[in-house]
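Visitor: Using only what follows, build the 3D model:
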Amino acid sequence: MKRSIPILLASLLGACAGAPPSAPQHTFDVHALADKPTASTRTLADPQGKAVLLETHPTLTQRDVQRAELASVADGKPAVRVLFTPDASQRLAKLTEEEQGKALAVVIDGQLRLLPKVTRVVTDGQVMLKGFASQAEAETLVRRLNDLRDVPVQPEQGAGGQP
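Guide: Numbers count the residues shown, from 1 in each chain. Model prediction:
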C-alpha cells in the first residue's frame, strides 16, 4: 500500500500540472427566492453567512443589462443603477409583480451579494441596488456589469436540474 501512495500522488500532481489555468468567469444573476428545497433550487450563503434558498435558474443575467451607472441614495451611501434591455424589462416587471414584498437574490461571481426587497412593481426597467460596503465596491460592480454585457452566459455547474 505504501508503494502505491507515491505513484498515486505523482499521477494527481501530473494531472493538475497539465491542466491549463482557467480564466476567472464573472457573472451577474438575479434569482427569485424559494420557499422549500426542490431539484430546481440551491442554497447560497448571504453576506452575513445565513443560508438562503433560491431558484437555480436566474430570471435576469449580465446579458440583460443595458447599462450600469454609479448613483447614491438620499443618505449619500453608494448605489448602482442598473438599466435592463427592453426584453429583460418585461421579465423584471413580471418578477417584481410576483415577488412583491419578498427579496430577490443578486448573485455576483457565484456569491450571493445582495438581497433587495421588492417594494414595488418595476415597470421602467431600472433598479437601484443599495447596501454596498464602500464606494469602491459599487464602482467595481458598475465596471463589471458594463464589461459583462457581451460575455456569454455559461450554464451553472453542479446546480442541479436541467438548463
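Visitor: Wait, Leu114 touches Val127, no?
Guide: No - look at Leu114 against Val127 with C-beta atoms under 8 Å: they stay out of range, at 10.3 Å. All C-beta spots, glycine's among them, are computed from the backbone N, C-alpha and C.
Visitor: wait, what's in contact with the closest residue to Val122 other than its chain neighbours?
Guide: In space, and not counting its chain neighbours, Val122 is closest to Thr96: 4.5 Å by C-beta to C-beta, 6 or more residues apart in numbering. Contact analysis of Thr96 by C-beta atoms under 8 Å, 6 or more residues apart in numbering lists 118, 120-122.
Visitor: Which members of the residues you listed are classed as buried?
Guide: Taking 16 or more other C-beta atoms under 10 Å as the criterion, what is buried in the contacts of Thr96 is 118, 122.
Visitor: Make JSON lines out of the contacts of Thr96 and add pLDDT, secondary structure and distance to Ala74.
Guide: Formatted as JSON lines, these follow (pLDDT from 0 to 100; DSSP: H, G, I helix; E, B strand; the rest coil; distance: C-beta to C-beta, whole Å):
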{"residue": "Val118", "pLDDT": "94", "secondary structure": "coil", "distance to Ala74": "19"}
{"residue": "Arg120", "pLDDT": "94", "secondary structure": "coil", "distance to Ala74": "17"}
{"residue": "Val121", "pLDDT": "96", "secondary structure": "coil", "distance to Ala74": "22"}
{"residue": "Val122", "pLDDT": "95", "secondary structure": "coil", "distance to Ala74": "19"}
